[in-house]
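*Asks:* Quick check, what structure comes out for this input:
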Amino acid sequence: MNSLSVLRLTLVLVAACVGFLSNWVNPKISEIRKENSSMIVNDAPILMATGNQIYCPGSQLNIVTNMSITDNDDTGIDAIYIQISSGYVNGQDVLTLTGTHPTIATSWDALTGKLTLTGISAQPTYANLIAAIEDVVYSNSSANPAGVRTFSITVGQANYLPSNGHYYEFVPAIGITWNNARTAAANRTYYGLQGYLATITAADEAQLSGEQAAGAGWIGGSDEATEGVWRWMTGPENGLIFWNGGVNGTTPNYANWNNGEPNNLGDENYAHITALGVGITGSWNDLSNTGEASGDYQPKGYIVEYGGMPGDPVLQISTSTTITIPSIISFVAQSRCGEGSVTLTANASAGTVKWYTTPTGGTPIANGNSFTTPNLTQTTTYYFDAFAIGCTSGTRTTVNATINQIPLVTVVAPNPVCGENSTVLTASTTAGTINWYSAETGGTSLGSGNTFTTPILSEDTTFYVEAINNGCSSGNRIAVDVFVYDLPAVEDETITLCEGTVITLNAGVSNATYLWSTGETSQSIQVNNNANYSVVVTSLAAGNCSKTKNFTIVQYDIPVIETVVVKDTSVEIIVSGNGEYEYSIDGFTYQDSNIFTVGEGGLYTAYVREKINNCGYSDEVTFVVLLVPPFFTPNGDGINDVFYLKGMAFYPNSSMSIFNRYGKLIKQITPSNPFWDGTFEGENLPADDYWYVLKIDNATPERKGHFSLKR
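*Replies:* Model (predicted):
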């Protein structure tokens, strides 16, 4: 065996002895330190890592580029804990130890996102741990991962959050009360850091202490002081309000309640991280001080936070690195009015933004956060992605450079308005929407669309029209003049027409055109009946305004005497027609009534005329009144000396028989001798009532009555 081989063998034996002594001595030293820390001072290791990098999707990337552990009094440690402490996506993100490390064992906890490095048969040395840490790689199974991952590397099991430098651990304690958990947490230390029930003020802290914790339990929030006002009751944030109200309350900073929480069922005044599988993972619910006796709402332990307390030592027992997955975090599409170029912008979480004209393949047309297009005449689609050196191109994002057509407006000349009226304005546009205004600039739109109905107009008015297409204006507003013209001054008329006459109807306006309901086009027409007529009068001015004049014809008929009814002394003239008539039986004296009372018999003539509109007379009708005198006085004084039946001569077949009160026929009067002198057979008859029977003709009933003979 040569000297080199002897040296190697010696080193191996020494290392074995050192490992044996270390395994035996270190626990003892730890016990002595617990008993009296002043006896032995054990310096905490100092961990430092570099390697903030960019991750290429689908690849594996070492979490550090360089790792160092400095410890003045130890050569190794029991374990190193590497955790994805922010941005962790369970089911996608994985940490794996690569390379050959015969003394290192690994354990991956997908729930907490933590990889633990320990020794296989003995405590690993720092040199072995450093080599292993430098061979730990990150990978993601998603085709399109995104975001930033922070890796904490620490010597203790507590979860380390690089963003605030605090540590978190779940302490199992089935059924522990909130008050007892607060006390227990305050009694714990971690490498000299004072413990307290966790106070959670940010999303990454909530994920690490809740979603990535080994169990669910109490945290330091309570509304025991004022119902509905939730405060942190422990740690540096003691007294800080983080929630006001119940289920629908608000937070002044950060809160992570589960759905429907806090609901204050059963005087629940204490915050608790929700059990796994109940609502949102890692979120909070409120419980009473004791919680439930079993099940999901039974306290299973508590979350202790270390860091930030007065007097805490400054530790370097943890270090961290980050990787950034290149992705587009924002972009701005642009548009313009009419042809030209636009500038598109995009920002990536890492790497360089590259611009393309195709969704896949091709050569980038530009690099950088902004890209100015060439002159465009129409909307054009571009594509971009975040590209890191050494990475293949990821999925490209689509963005449009939009060219909005400048609208061209065409206005249809409006019809003039006749009289006080409205009209419909019409315009069309090649793009966008038509808007109507009452002012050339400014003001509020009166309406939109291709047509606009004006209000009632009484004078010439100017409106304005403009088209807007996605913010692009057609330019200066186009004036639309509406002219208002007077209507022809015509009024409806009612005309009186006498039967059988002709009247003239006149439109009443000259210098116009006319269209009568009869089809005639002259200013006036003649009519001779009582039909209704109308004429459309249209002015010759620029407005060509038309108005209809209606004529109502009221015809009065010439009266026609149908008959004259004579009844004793009463005479009634019966006429036909629709006029206002007056009547006479002597041709001189007229009256409104058609009934007359006559004093003596004889031949009369009936007259009727239309009295208001002088629409003519009826034909004269003669009639006879046979009036039996009520008495006569044959005393020779020349007055009523004989009984005389006047008018009998007009009825040649008439006769009158006179009887005394005993029924004896005294006298027979005929048309040829219509007189009686009051004698019978030459003798004067005495004064008395005498009876008669008058027969006019065979068609007329007999009339009977009596009269007096007075002496």
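
*Asks:* From now on I want contacts and neighbour counts done on CA atoms only, so please keep to that.
*Replies:* Fine.

*Asks:* Below-threshold pLDDT in the stretch 101-250 of the chain: ranges please.
*Replies:* Residues of the stretch 101-250 of the chain meeting the criterion pLDDT under 70: none.

*Asks:* got the contact list for Tyr297?
*Replies:* If a contact means CA atoms under 8 Å, 6 or more residues apart in numbering, then Tyr297 has 274-275, 287, 291 as its contacts.

*Asks:* quick one: which of the residues you listed sit in strands?
*Replies:* Mapping these onto strands (DSSP state E) picks out Leu287.

*Asks:* Could you dump the contacts of Tyr297 into CSV with distance to Thr281 and neighbour count added?
*Replies:* Shown next, in CSV, are those (distance: CA to CA, whole Å; neighbours: other CA atoms under 10 Å):
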residue, distance to Thr281, neighbour count
Thr274, 7, 26
Ala275, 8, 24
Leu287, 17, 26
Gly291, 19, 22
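
*Asks:* Let me have the contacts of Tyr297 in TSV, extended by pLDDT and distance to Asn128.
*Replies:* TSV is the format used below for the contacts of Tyr297 (pLDDT from 0 to 100; distance: CA to CA, whole Å):
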residue	pLDDT	distance to Asn128
Thr274	95	39
Ala275	93	38
Leu287	96	47
Gly291	94	46
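
*Asks:* quick check, nearest of the contacts of Tyr297 to His101?
*Replies:* Nearest to His101 among the contacts of Tyr297, counting by CA to CA, is Ala275 at 37.7 Å.

*Asks:* Going along the chain, name the helices of the protein.
*Replies:* 3-35, 126-133, 178-186, 203-206 (DSSP state H).

*Asks:* Next, the buried residues of the shortest one.
*Replies:* Judged by neighbour count (16 or more other CA atoms under 10 Å), helix 203-206 contains these buried residues: 204-206.

*Asks:* Check those against Glu440 and report the nearest one.
*Replies:* Using CA to CA, Asp204 comes nearest to Glu440 of these, at 57.2 Å.

*Asks:* Enumerate every residue touching the closest one.
*Replies:* Under the criterion of CA under 8 Å, 6+ apart, the neighbours of Asp204 are 85-87.

*Asks:* Can I get those in JSON lines including neighbour count and distance to Thr441?
*Replies:* Output for those, formatted as JSON lines (neighbours: other CA atoms under 10 Å; distance: CA to CA, whole Å):
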{"residue": "Ser85", "neighbour count": "27", "distance to Thr441": "60"}
{"residue": "Ser86", "neighbour count": "25", "distance to Thr441": "56"}
{"residue": "Gly87", "neighbour count": "16", "distance to Thr441": "54"}
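
*Asks:* Could you tell me which of those belong to strands?
*Replies:* 85-86.

*Asks:* contacts for stretch 213-223?
*Replies:* Residues from elsewhere that reach stretch 213-223, judged by CA under 8 Å, 6+ apart: 111-112, 159, 169-170, 172, 178, 181-182, 196-199, 210, 229-234, 269-276, 282, 299-304.

*Asks:* Kindly report the same for stretch 344-363.
*Replies:* Stretch 344-363 is contacted from outside by 54, 147, 324-334, 364-373, 381-389, 396, 398, 401, using CA under 8 Å, 6+ apart.

*Asks:* Using the record's assignment, carve the chain into domains.
*Replies:* With domains defined by automatic domain parsing, the chain comprises 43-165+314-325, 167-306, 326-404, 409-485, 493-555, 560-625, 631-709.

*Asks:* Count residues in the vicinity of Leu376, would you?
*Replies:* Neighbour count of Leu376, defined by other CA atoms under 10 Å: 16.

*Asks:* same deal with Thr454?
*Replies:* Neighbours of Thr454 using other CA under 10 Å come to 17.

*Asks:* go on, the one 4 residues further on?
*Replies:* Per other CA under 10 Å, the neighbour tally for Ser458 reads 16.

*Asks:* Quick check: the gap between it and Phe551.
*Replies:* 28 Å (CA to CA, to the nearest Å).

*Asks:* The closest residue to Pro102 other than its chain neighbours: what's it in contact with?
*Replies:* Spatial nearest neighbour of Pro102, chain neighbours left out: Ile120 (7.8 Å); criterion: CA to CA, 6 or more residues apart in numbering. Going by CA under 8 Å, 6+ apart, Ile120 touches 102-105.

*Asks:* try 7 Å
*Replies:* Neighbouring residues of Ile120 by CA atoms under 7 Å, 6 or more residues apart in numbering: 103-105.

*Asks:* among these, who's most crowded?
*Replies:* The member of these surrounded by the most neighbours (other CA under 10 Å) is Ile104, with 22 neighbours in all.

*Asks:* these two touch, right, it and Gly119?
*Replies:* Yes: Ile104 lies in contact with Gly119 (CA atoms under 7 Å); the separation is 4.8 Å.

*Asks:* what does the longest strand seen in the chain contact?
*Replies:* Across the chain, the longest stretch assigned as strand under DSSP E is strand 546-556. Outside strand 546-556, the residues that touch it by CA under 7 Å, 6+ apart are 487-488, 490-499, 530-539, 578-579, 615.

*Asks:* do stretch 174-186 as well
*Replies:* Outside stretch 174-186, the residues within contact range by CA under 7 Å, 6+ apart are 194-197, 218, 289-290, 298-302, 304.

*Asks:* how about 10 Å then?
*Replies:* Stretch 174-186 has contacts (CA atoms under 10 Å, 6 or more residues apart in numbering) with 171, 173, 187, 194-198, 217-222, 233-235, 269-272, 287-294, 297-306.

*Asks:* Alright, calling it a day.
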